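*Asks:* Please work out how this folds:
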Amino acid sequence: MSGGLVALLDDVAAIAKIAASSIDDIGAAAAKAGTKAVGVVVDDAAVTPRYVAGFLPQRELPIIWRIARGSLRNKLLFILPTALLLSQFLPWAIAPILMLGGAYLCYEGAEKLYEAVGGHHDEQSDQPVLLSSEAHEEQMIAGAIRTDFILSAEIMAISLAEVATEGFVSRTLILIVVAFAITLLVYGVVGLIVKMDDIGLRLANGANGASQALGRGLVKAMPIILSALSIIGTVAMLWVGGHIILAGLETFGFGELAHALHEDAVAAGHAVPAAHGLVEWLVETLGSGAAGLLIGAPIVALMHVLPKKQKH
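*Replies:* Reported below is the predicted structural model:
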């Protein structure tokens, strides 16, 4: 009897070791997959703060929390099942779907640039809406979740490509870990960014002279940082959207633009050996952003410029 119990305990211990090893493997694979998507993660973190600009301080974190929940819902309920099913049965359909999402990002980025340069405003603002009103809050949250959907799809697609050789169950578990980790990272950083001025005020009102100086510096810097993040967010939409389109074209055998951009980036990097990696990244990023603008600008013209001309 005792021998059977010992054997059973040995079996349980062996199963536990296998399970622990599997968890470690899933964690390592998730970390690797998430790292590959870090560029899009930066874009997501840069884009989101502009959606809470102008709200009362006490509403900022609740709004970010709602956007984070929407982002996680997007990843787990819509993007993950779709990506897994497509990768299993229709792998060829992933690229064109991502390209459609990329075109939407190009349009969003070009639209923001059009509004900033031309002094145009969103047509929805023709109806006065208070910045602190519930209607405006719902509108901004919906817009943030909509944009996040595209960026989340890109993050999950990049992660999926990194674990494509894993079994279906392992693939699913890894992508679930990535979804939670990326959402926590992005919206944790966003929450820290938007509350930095409040942290600065508390430090400025403290008793320590050094903390007071740091607090005043944070308060003064935050408008500049938020303005810079708004610009970075717009550029990021063009960059990521353009990159998705170029990568998609390459998938379908039209890789001339992507190859030319890569060769130019490599050549520029070799011209500056001391900062080879940085220069190469900058050239590829600027090239993808330019491609995004070229794709987004005609869509903006179709959606905004031409209809206004027809009215006149």
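*Asks:* Which strands and helices lie in contact with the longest helix that the chain contains?
*Replies:* Determined from DSSP state H, the single longest helix within the chain is helix 209-251. Applying 3 or more Cβ pairs under 8 Å, 6 or more residues apart in numbering; DSSP states H and E, one finds that helix 209-251 makes contact with helix 38-47, helix 94-118, helix 134-162, helix 168-194, helix 196-204, helix 256-271, helix 276-300. Using the backbone N, CA and C atoms, a C-beta is placed for each residue, glycine as well.
*Asks:* Arg66: what's its closest spatial neighbour, skipping adjacent residues?
*Replies:* Ile141 (5.4 Å; Cβ to Cβ, 6 or more residues apart in numbering).
*Asks:* do the same with Gly248
*Replies:* Of all residues not flanking Gly248 in the chain, Met99 sits nearest, at 3.9 Å (Cβ to Cβ, 6+ apart).
*Asks:* Determine the number of other residues adjacent to the one you found.
*Replies:* Residues within reach of Met99, counting by other Cβ atoms under 10 Å, total 20.
*Asks:* from memory it sits against Leu246, does it?
*Replies:* No - Met99 is not in contact with Leu246 according to Cβ atoms under 8 Å; the separation is 9.6 Å.
*Asks:* Can you tell me which of the helices and strands packed on helix 209-251 is most buried?
*Replies:* helix 38-47 (a mean of 22; mean count of other Cβ atoms under 10 Å).
*Asks:* That one: what's the following helix or strand?
*Replies:* Counting by DSSP states H and E, the element after helix 38-47 in chain order, helix or strand, is helix 57-73.
*Asks:* can you pull the pLDDT of the closest residue to Ser87 other than its chain neighbours?
*Replies:* Excluding its sequence neighbours, the residue lying closest to Ser87 (Cβ to Cβ, 6+ apart) is Leu160, at 6.0 Å. For Leu160, the pLDDT comes out at 78.
*Asks:* which ones are touching Leu160?
*Replies:* Contacts for Leu160 (Cβ atoms under 8 Å, 6 or more residues apart in numbering) come out as Ala33, Ala83, Leu84, Ser87, Arg171, Leu175.
*Asks:* gap between it and Arg73?
*Replies:* For Leu160, the distance to Arg73 (Cβ to Cβ, to the nearest Å) stands at 18 Å.
*Asks:* same thing with Ala161?
*Replies:* In terms of Cβ to Cβ, Ala161 sits 23 Å off from Arg73.
*Asks:* repeat for Leu105
*Replies:* Distance of Leu105 to Arg73, computed by Cβ to Cβ: 20 Å.
*Asks:* nearest to Met237, of the helices and strands packed on helix 209-251?
*Replies:* helix 94-118 (3.3 Å; Cβ to Cβ).
*Asks:* Ignoring the adjacent residues along the chain, who's closest to Glu108?
*Replies:* Met237 (5.0 Å).
*Asks:* what's the neighbour count on the one you found?
*Replies:* Using other Cβ under 10 Å, the number of residues around Met237 comes to 30.
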